[in-house]
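# Need coordinates for the following:
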Amino acid sequence: QVQVAESGGGLVQAGGSLRLSCAAAGRNFNKNAMGWFRQAPGKEREFVAAINWSGGSTDYADSVKGRFTISRDNTKNTGYLQMNSLKPEDTAVYYCAARVGYALGIGPLEYDYWGQGTQVTVSS
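Here you go, the predicted structure:
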């Protein structure tokens, strides 16, 4: 069992940056791939970024490539999402998720544990 909790959301102007953190509690976090998803009002939850258990493999949605960076520190049981050059269309609730398994996944159904989400609002 793994519990995850996001932090670091907030209000930022377009072009600004935020770093989200995902703190994990429980056993075997370093054996879990993790991902970030987001959900804007009236829209479905969408994939943002994912990272495998070691941090050696990552994947990104086309909409955030080159602007967002996913990373993890297994010694701290924490994952991160560095978001640069933010745009108003990045406004959403951002969710951290962990999955049982070493390989990363890009679909919400591939993930077993979810946080409560953190709001990111980008003003124009």
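# Closest to the centroid, which residue in this structure?
Trp36 (2.4 Å; CA atoms, centre = their mean).
# Give me the pLDDT for it.
Note on Trp36: pLDDT of 98.
# number of nearby residues for Ala103?
11 (other CB atoms under 10 Å). (Each C-beta comes from the backbone N, C-alpha and C, glycine too.)
# That one and Ala33 touch, don't they?
Yes: using CB atoms under 8 Å, Ala103 makes contact with Ala33 at a distance of 5.9 Å.
# Mutual contacts of those two, please.
By CB atoms under 8 Å, 6 or more residues apart in numbering, Ala103 and Ala33 have these common neighbours: 52-53.
# contacting residues for Gly105?
Per CB under 8 Å, 6+ apart, neighbours of Gly105: 33, 35, 50, 99, 111.
# Then Ala5?
22-23, 25, 96, 115-116.
# Now with 10 Å, please.
21-25, 96, 115-118 (CB atoms under 10 Å, 6 or more residues apart in numbering).
# Got a quick ChimeraX command for the buried subset of these?
Here is the ChimeraX selection string for the buried members of the contacts of Ala5, based on 16 or more other CB atoms under 10 Å:
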select :21,22,23,24,96,115,117,118
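# wait, which of the contacts of Ala5 is closest to Val2?
Among the contacts of Ala5, Ala24 lies closest to Val2 (CB to CB), at 5.6 Å.
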